[in-house]
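*Asks:* sequence isn't available, so here's the structure alone:
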């Protein structure tokens, strides 16, 4: 048997190579930039060797997929068994229009649904509310009552397809509408599967579609956890999201640290309620961004799995499933360019590939036209085909965690983990996540990173193809999605008819019961379900909670 | 002493995407202007009231939700109603090219889309500020 190289031998050879080969080479061919940095401002060296990962212990720090610390994946055979769910975030105009888009996507091979709601819905307002002016159906579908929810999922088998819903402030109400719709179709709650985003902390931090103050918001979230694992056990009752933190301008390290920090905050809140960690933890899920720096993104997903497993173990989780960091990925919307929109297809391909190499459980690929408007049918089909090519043609699905053991990737994974723990300490020093939000800590950190990134682009230190280099004199125009202009009128008529035709005594009774429950400390899910079953609207139900809980106002920091 | 240009950066409607607005606010401040940022979720009425109270020379509107055809136009009309035609109105966000002519007709002087260097906005304001 051959003897293995020792670290001493490698170190000696490395020094020799640096001096005699590398340094000579860069005298002849100087490097293009004085420093190479990734998007988190981490210095990247010219080469990584076993010396950079010499302190790693394979069994303890890396291990096997499906086994602690889950660095290499939560499933032992990953995509060899089942491909990731291809789940395109979609929604615009009325429920009818969006339902058509869902059928179109499913017909083209999509394997899960993902609902984008319009702004009034995200804020718990009905379409005819004064603050909804101009917003109907603009960046998602308008859902004001169970009637709209029924139309949205018309002819879609709720017991066979899983649905993710990007909803936060009014998540409990929209989820109740989904459950009620299934119940009305005689599909048992235990059979439906999907995800509600339900992550309010990142709303205060970055995405800003909050309604209530932190305390009642956390209560509603824990209510959904508890209702979920007892009544709707296949549902992910939260998708702890870094996506929006990143879109708001954070670095990858900030995205990782703030998201996992938020996750731990939810776990602690649920444990404070007295819930068993191993009952609710298996239904926690995550949502990350896939931005431009390929290896940094892959390292981010891998680090997230290990940190989460470690932290959950420390908090007392026993079941392996409770330690799993399962996640959805969306390619970075903020990286898309309005200039030469077709080249976004290439950006999205690279980002999606990073997500797959990072072991994502589901994936949304952005459409090339999204820096201009919501995607056209053609644009979204190409985005879906991009995933299908990665899945079926590229060969990257043949083995689990193909980059595991790469000196660079393992080093970077370690580095991101280290930086994440530094942020955990800083947040703890501020008194925890919610006090840090109230002090504007995350918001300031993100605004700084966003400003720096923009400055680098403006000063051409960072090249964005088509924007600050390789521009065209004449920008090509591409067709933009047209929405049905009659949609809003139809929706408002439907709402008016609903308010007239339903049993209003029953509606008022259920709303009153919800109010009383909200003033006490019962789990609100059953009360909300009664409201939506009686066709109380989203706005009416949310108003009851607004009355009891009040509204959150933020201090703007820039 | 030359009077500093006063700019109101405003987020009309329910849109929560404030990355661009905040970057622009900071860049204008760094360029020597006095900047007031409204924060989120402003009605057209609130924006115009703030513009009057703060006596600004420029109103910069940012919207990524797609509601610009309604909300930008609302702000421009209200400013006209209040006889504030000498306030320069500019806009930015996710705005398709084909909407730009109608926005300009409504009184939005210029629209800055994704990828605009902030320096372009600074120099546009300096060149076009009306008072």
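*Replies:* Received the coordinates, thanks. What you see is a predicted model; the values in this text were computed from it and never measured.
*Asks:* assign residue 35 to helix, strand or coil.
*Replies:* Because you didn't say which chain, this covers chain A. Secondary structure, DSSP: H, G, I helix; E, B strand; the rest coil: residue A:35 is coil.
*Asks:* nope, chain B
*Replies:* Residue B:35 - assigned by three-state DSSP - is strand.
*Asks:* show me the helices in chain B, by range?
*Replies:* Under the criterion DSSP state H, chain B contains helices at B:19-30, B:44-53, B:68-81, B:100-105, B:118-128.
*Asks:* next up, phi/psi of residue 85, please.
*Replies:* Unless you meant another one, I'm taking chain A. Dihedral pair for residue A:85: phi -80, psi 130, per degrees, to the nearest 10.
*Asks:* same thing with residue A:195?
*Replies:* The phi/psi pair for residue A:195 (degrees, to the nearest 10) is phi -140, psi 140.
*Asks:* report the beta-bridge partners for it.
*Replies:* residue A:164, residue A:236 (DSSP bridges).
*Asks:* list the contacts for it?
*Replies:* Contact analysis of residue A:195 by C-beta atoms under 8 Å, 6 or more residues apart in numbering or on different chains lists A:162, A:163, A:164, A:165, A:235, A:236, A:239, A:285, A:328. C-beta here means a position set from N, CA and C on the backbone, and glycine is covered the same way.
*Asks:* for chain B, see how far away it is.
*Replies:* Distance of residue A:195 to chain B, given as C-beta to the nearest C-beta, to the nearest Å: 21 Å.
*Asks:* next one: residue A:35
*Replies:* 23 Å.
*Asks:* does that residue really touch residue A:41, like I thought?
*Replies:* No - assessed by C-beta atoms under 8 Å, residue A:35 is found out of contact with residue A:41, at 10.0 Å.
*Asks:* the more surrounded of those two?
*Replies:* For residue A:35 versus residue A:41, neighbours defined as other C-beta atoms under 10 Å in any protein chain shown are more numerous around residue A:41 (12 against 8).
*Asks:* just to revisit the earlier point, let me know the closest of the contacts of residue A:195 to residue A:156.
*Replies:* Among those, residue A:163 lies closest to residue A:156 (C-beta to C-beta), at 8.3 Å.
*Asks:* does that closest one touch residue A:197 like I think?
*Replies:* No - counting by C-beta under 8 Å, residue A:163 stays clear of residue A:197, with 11.9 Å between them.
*Asks:* and those two? Which one has more around it.
*Replies:* Between residue A:163 and residue A:197, residue A:197 has the larger neighbour count (other C-beta under 10 Å), namely 27 against 21.
*Asks:* and the more buried one, what are its phi and psi?
*Replies:* The phi/psi pair for residue A:197 (degrees, to the nearest 10) is phi -70, psi -60.
*Asks:* what residues are up against it?
*Replies:* Applying C-beta under 8 Å, 6+ apart, the residues contacting residue A:197 are A:164, A:165, A:166, A:167, A:168, A:171, A:238, A:239, A:241, A:287.
*Asks:* next one: residue A:124
*Replies:* A:169, A:170, A:173, A:211, A:538, A:539, A:541, A:542, A:543, A:545, A:546.
*Asks:* now do the helices in the stretch 251-400 of chain A.
*Replies:* A:252-272, A:277-280, A:294-314, A:344-357, A:377-392 (DSSP state H, counting those that start in this stretch).
*Asks:* show me the contacts for the most centrally placed residue in chain A.
*Replies:* Centroid check for chain A by C-alpha atoms, centre = their mean gives residue A:287 as the closest residue, at 2.7 Å. Counting by C-beta under 8 Å, 6+ apart, residue A:287 touches A:197, A:199, A:239, A:240, A:241, A:242, A:243, A:327, A:328, A:329, A:330.
*Asks:* again with residue A:293
*Replies:* So residue A:293 contacts A:38, A:39, A:252 (C-beta under 8 Å, 6+ apart).
*Asks:* apply 7 Å and report the result again.
*Replies:* Neighbour list for residue A:293: A:38, A:39 [criterion: C-beta atoms under 7 Å, 6 or more residues apart in numbering or on different chains].
*Asks:* ditto for residue A:491
*Replies:* Residue A:491 neighbours (C-beta under 7 Å, 6+ apart): A:94, A:127, A:136, A:142.
*Asks:* please list the residues of chain B that sit near chain A.
*Replies:* Applying C-beta under 7 Å from any C-beta of the partner chain, one finds that chain B approaches chain A through B:13-16, B:18-19, B:22-23, B:25-26, B:37, B:39-40, B:65-67, B:70-71, B:94, B:96-98, B:113-115, B:117-119.
*Asks:* how much space between residue A:360 and residue A:390?
*Replies:* Per C-beta to C-beta, to the nearest Å, residue A:360 is found 11 Å from residue A:390.
*Asks:* correction: residue A:318
*Replies:* Taken as C-beta to C-beta, the span from residue A:318 to residue A:390 is 36 Å.
*Asks:* between these two, which is the more surrounded one?
*Replies:* For residue A:318 versus residue A:390, neighbours defined as other C-beta under 10 Å are more numerous around residue A:390 (24 against 13).
*Asks:* up against chain B, what does chain A have?
*Replies:* Near chain B, when you scan chain A using C-beta under 7 Å from any C-beta, you find A:119-120, A:123, A:131, A:133-135, A:138-139, A:207-209, A:248-249, A:337-339, A:371-373, A:447, A:450-451, A:454, A:458, A:467, A:477, A:480, A:554, A:556, A:558.
*Asks:* point out where chain B drops to low pLDDT.
*Replies:* Within chain B, the ranges that satisfy pLDDT under 70 run B:1.
*Asks:* returning to that earlier point: of the residues of chain A next to chain B, which belong to helices?
*Replies:* A:119, A:120, A:447, A:450, A:451, A:454, A:458.
*Asks:* out of those residues, who's nearest residue A:59?
*Replies:* residue A:450 (40.3 Å).
*Asks:* list the contacts of the closest one.
*Replies:* So, once contact is read as C-beta under 7 Å, 6+ apart, residue A:450 ends up touching A:248, A:249, B:19, B:23.
*Asks:* could you measure from it over to residue A:171?
*Replies:* Taking C-beta to C-beta, one finds residue A:450 at 27 Å from residue A:171.
*Asks:* related to what we said a few turns ago, now pLDDT and distance to residue A:27 too, for the ones in helices among the residues of chain A next to chain B, in TSV please.
*Replies:* Listed next are these as TSV, based on pLDDT from 0 to 100; distance: C-beta to C-beta, whole Å:
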residue	pLDDT	distance to residue A:27
A:119	97	58
A:120	98	63
A:447	95	42
A:450	96	38
A:451	95	37
A:454	95	36
A:458	95	33
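*Asks:* which two of those have the greatest separation?
*Replies:* Top of the distance list for these (C-beta to C-beta): A:120 and A:458, 34.9 Å.
*Asks:* quick one: contacts of stretch A:64-77?
*Replies:* A:62-63, A:78, A:81, A:302, A:305-306, A:309-310, A:323-326, A:359, A:400-401, A:404.
*Asks:* residue A:60: neighbour count?
*Replies:* Neighbour tally, residue A:60, other C-beta under 10 Å: 9.
*Asks:* tell me who's in contact with it.
*Replies:* Residue A:60 neighbours (C-beta under 7 Å, 6+ apart): none.
*Asks:* how near is the spatially most central residue of chain B to chain A?
*Replies:* The C-alpha lying nearest the average C-alpha coordinate of chain B belongs to residue B:60 (C-alpha atoms, centre = their mean; 1.2 Å). Using C-beta to the nearest C-beta, one obtains 13 Å as the distance from residue B:60 to chain A.
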